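Colleague: predicted model and sequence below, questions to follow.
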Amino acid sequence: MAGHHHTPLQMDPALIKYANMMSNRHKYFRWTGRTARITFAYVVAFPAFIGYLGYITDGKWDMRGKKRGDTIAEF
């Protein structure tokens, strides 16, 4: 009753290679111009843009306590 734990399907060598690559990606990472630009965009530029949008629209709209026909603009 205790089998040899064989998988019913044969493992695909390409999937095994891909899984090993994904788990060891940090070992082969290199900083290049492209990776630096992408990192800057996601770590600095995009959060700064969202923060700027939040800052310039802070307090302009009030959604609470409005009745039908009232405007939501507070500026």
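Modeller: It's in.
Colleague: center of this structure - which residue?
Modeller: Central residue of the chain (C-alpha atoms, centre = their mean): Tyr42, 8.7 Å from the mean position.
Colleague: how much space separates that one from Ile50?
Modeller: Spatial separation of Tyr42 from Ile50 under the definition C-beta to C-beta, to the nearest Å is 12 Å. C-betas here are computed from N, CA, C, even on glycine.
Colleague: next one: Arg37
Modeller: From Arg37 to Ile50 the distance is 19 Å (C-beta to C-beta).
Colleague: neighbours of Thr57, how many?
Modeller: Residues lying near Thr57 (other C-beta atoms under 10 Å) number 10.
Colleague: got a pLDDT number for Trp61?
Modeller: Trp61 carries a pLDDT score of 77 in this model.
Colleague: ramachandran angles for it?
Modeller: Dihedral angles phi and psi of Trp61 (degrees, to the nearest 10) take the values phi -130, psi 140.
Colleague: do the same with Asp62
Modeller: Reported as degrees, to the nearest 10, the phi and psi values for Asp62 are phi -130, psi 110.
Colleague: for it, grab the count of nearby residues.
Modeller: Asp62 - counted by other C-beta under 10 Å - has 12 other residues nearby.
Colleague: for it, give its distance to Arg68.
Modeller: Look at Asp62 and Arg68: by C-beta to C-beta, they are 15 Å apart.
Colleague: again, but for Gly33
Modeller: Applying C-beta to C-beta, one obtains 55 Å for the distance of Gly33 from Arg68.
Colleague: out of those two, which sits in the busier spot?
Modeller: The residue with more neighbours, out of Gly33 and Arg68, is Gly33; 7 against 4, by other C-beta under 10 Å.
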